[in-house]
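J.: just the structure for this:
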Amino acid sequence: MSSEWPIVKLGTLADFQEGYVNPSQRDSSYFDGPIKWLRATDLNDSVVTNTTRTLSDKGFKSAGKSAQLFEPGTLAISKSGTIGRLGMLGDYMCGNRAVINIKPKQNAVPRYLFFVLRHLRPTIETLADGSVQKNLYVSTLSNLDVPAPPRDVQQSFADTLGALDDRITLLRETNATLEA
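T.: Residues are numbered from 1 along each chain as shown. Predicted coordinates for the structure are as follows:
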């Protein structure tokens with residue numbers, strides 16, 4: 001029963017990774033390569049398989065130690081601009097400074113956390129702080145209260161809501177094809 005599920009801090013269910021790759025826009029050799037570069041504009045509140053921009057190996061390595069590829073299943077959330085926009089990585093990608101990457105721990109089902117965060121978006125938007133431009137910080141996000149049912153219940157939620165989400169996506173794609 002849901003009232004018996006513990007409420008925990010998001011930080012107990014996930015780790016946060018901030019690998020910022022923001023190469024100079026002036027150097028065209030940094031772009032249009034094989035590495036998908038996740039930006040807030042790519043977050044679609046669904047699975048993200050492609051990005052609007054890509055980086056070359058040189059552009060990726062220009063970030064030095066913060067150059068990190070995030071693996072499929074990692075969640076991403078926008079931390080500035082349109083706060084709380086979500087995506088679940090469907091491929092390896094690096095991120096830029098406008099995105100917080102959330103890596104679910106063993107005790108959490110990634111797609112379950114995705115649906116919880118999507119549901120909590122209005123709350124997440126209120127967590128952003130700043131006088132000129134609002135920003136969502138890892139320290140604040142990690143303290144967000146989330147329900148933590150047993151892993152098998154999380155999987156059941158993820159499977160059911162995921163099937164519905166997948167069907168909606170397919171219907172939208174079919175509709176776009178028919179309209180074209």
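J.: only C-alpha atoms for contact and neighbour calcs from this point on.
T.: Will do.
J.: now the strands: where do they sit in this protein?
T.: In the chain, the segments counted as strands under DSSP state E are 7-9, 14-17, 31-38, 46-48, 53-55, 75-78, 86-89, 94-95, 99-104, 145-147.
J.: need the winner for burial among the ones you listed.
T.: strand 75-78 (a mean of 27; mean count of other CA atoms under 10 Å).
J.: which other helices and strands does it contact?
T.: Under the contact criterion of 3 or more CA pairs under 8 Å, 6 or more residues apart in numbering; DSSP states H and E, strand 75-78 touches strand 86-89, strand 99-104.
J.: pLDDT wise, what is Leu171 at?
T.: Looking at Leu171, its pLDDT reads 85.
J.: which elements pack onto the worst-scoring helix or strand of the chain on mean pLDDT?
T.: Every helix and strand of the chain was ranked by mean pLDDT, DSSP states H and E. The lowest is helix 151-179, at a mean of 88. Here helix 151-179 touches helix 110-119, going by 3+ CA pairs under 8 Å, 6+ apart.
J.: buried residues, the helix it packs on. List them.
T.: Buried positions in helix 110-119, judged by neighbour count with 16 or more other CA atoms under 10 Å: Pro110, Arg111, Tyr112, Leu113, Phe114, Phe115, Val116, Leu117, Arg118.
J.: centre of the chain to it, how far?
T.: 10 Å (CA atoms, centre = their mean, to the nearest Å).
J.: what residues does it touch?
T.: Identification of contacts with helix 110-119 by CA atoms under 8 Å, 6 or more residues apart in numbering yields 45, 73-75, 84-88, 103-104, 146, 154-155, 157-158, 161-162.
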